[in-house]
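# Dropping a prediction and its sequence here:
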Amino acid sequence: MNDTPFRISGRVVGEQFFGRTETIRTVVQHLRGKSNVALLGAPRAGKTSLLTVLFRNYRHAERDAQTWFIDLRDLHTLDELIAEFYSGMKLTTTNYSLRDFAKQLKLWRQRLVVFIDNGEHFAAPPFNEEAFFAVLATHMQSQTVSLCVASTMPPESVFVNRIGLPLHSYFARCDLPPFSPMECEEFIHKRLQWTGIHFSDAEIMDLIKASGGRPADLQRLAADLFRLKASGNAPSRVQTTSVKK
């Protein structure tokens, strides 16, 4: 049996997404209040999945807003980043200068909410352009543009600019901790429902300890155990190795 109810890679969205109810409520509240959000979490904490879920569903929270999703890992130049903003604004201009970007933001009258993944890349070239940060900070005062940035680094370490207003001061911080032991147990039992496979309490505790509650690691380790049990080769006690942070 090769199928497993646990994901070992990729974003977890739709019916497979689990938990984070309070975090979602907090982020949506900030964005609806025209604020900006820095969604912080360690690697494999589920930031990308949560950000994707927020992006796909935010239209229900603010129906008049335009939304856009940007993954900084897919971009290589500041021009490409500005072009992504223009795409979100549904502008066809090909002038990607900071001067024109500032002009377009000044003329912008609609509501735009941009969800940005891997925001820690703002701390290094080519995206740590202070003038770019200053342009964003200046026009964030209009509250027509809000950013929700998922990052492994806090905003004061990412958005460093000495020109104009400090961009990091416009962000509300929302931490994304690992799953609690109770959440881990609930998640595992929910995934095993209807599969005919059972994990013992001891095995579940081993999975929690080895994964540190990080959703991506928990899924991968649980998938390994599920396959062993489905094949009939599972040991009497699951052997797990703690994942390095």
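Good, I have the coordinates. Residues are numbered from 1 along each chain as shown.
# max-length helix in the chain?
Ranked by residue count, the top helix of the chain under DSSP state H comes out as helix 215-231.
# Can you spell out which helices and strands pack onto it?
helix 181-192, helix 201-211 (3 or more CB pairs under 8 Å, 6 or more residues apart in numbering; DSSP states H and E). Quick note: C-beta positions are derived from backbone N, CA and C, even for glycine.
# Switch those helices over to a markdown table; also include mean neighbour count, distance to Lys90 and mean pLDDT.
As requested, those are exported to a markdown table (neighbours: other CB atoms under 10 Å; distance: least, CB to CB, whole Å; pLDDT from 0 to 100):
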| stretch | mean neighbour count | distance to Lys90 | mean pLDDT |
| --- | --- | --- | --- |
| helix 181-192 | 17 | 38 | 94 |
| helix 201-211 | 18 | 42 | 95 |
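# for those helices, which one sits closest to His60?
Counting by CB to CB, His60 lies closest to helix 181-192 out of the helices and strands packed on helix 215-231; the figure is 23.6 Å.
# now the closest one against helix 201-211, angle please.
110 degrees (axes from the mean of the first three to the mean of the last three CA atoms, to 10 degrees).
# which residues touch helix 181-192?
In this structure, residues lying in contact with helix 181-192 by CB atoms under 8 Å, 6 or more residues apart in numbering are 5-6, 18-19, 179, 198-199, 204-205, 207-208, 211, 213, 215, 218, 222, 226.
# Filter those down to the buried ones, ChimeraX style.
Here is the ChimeraX command that selects the buried residues among those (16 or more other CB atoms under 10 Å):
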select :5,6,18,19,179,199,204,207,208,211,213,215,218,222,226
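# which residues in the protein form helices?
Assigned by DSSP H, the chain shows helices spanning 21-32, 47-57, 78-88, 98-107, 130-140, 155-158, 181-192, 201-211, 215-231.
# and the helices and strands packed on helix 215-231 as TSV, adding distance to Ser151?
Shown next, in TSV, are the helices and strands packed on helix 215-231 (distance: least, CB to CB, whole Å):
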stretch	distance to Ser151
helix 181-192	22
helix 201-211	22
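# between those helices, which gets nearest to His139?
The nearest among the helices and strands packed on helix 215-231, by CB to CB, is helix 181-192 at 38.7 Å.
# Quick one: distance of the closest one to the chain centre.
Helix 181-192 sits 21 Å away from the centroid of its parent chain (CA atoms, centre = their mean, to the nearest Å).
# Taking helix 215-231 as reference, get the angle to it.
Going by the same axes, to 10 degrees, helix 181-192 makes 40 degrees with helix 215-231.
# With only the CA atoms kept, save helix 181-192 in PDB.
What follows is helix 181-192, C-alpha atoms only, in PDB (Å, rounded to 0.1, in the frame of the first residue of the first chain):
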ATOM      1  CA  PRO A 181       1.100  17.700  21.900                       C
ATOM      2  CA  MET A 182      -2.700  17.800  22.000                       C
ATOM      3  CA  GLU A 183      -2.900  19.300  18.500                       C
ATOM      4  CA  CYS A 184      -0.500  16.700  17.200                       C
ATOM      5  CA  GLU A 185      -2.600  13.900  18.700                       C
ATOM      6  CA  GLU A 186      -5.800  15.400  17.200                       C
ATOM      7  CA  PHE A 187      -4.100  15.800  13.800                       C
ATOM      8  CA  ILE A 188      -2.900  12.200  13.700                       C
ATOM      9  CA  HIS A 189      -6.200  10.700  14.800                       C
ATOM     10  CA  LYS A 190      -8.000  12.800  12.200                       C
ATOM     11  CA  ARG A 191      -5.700  11.700   9.400                       C
ATOM     12  CA  LEU A 192      -6.000   8.000  10.500                       C
END
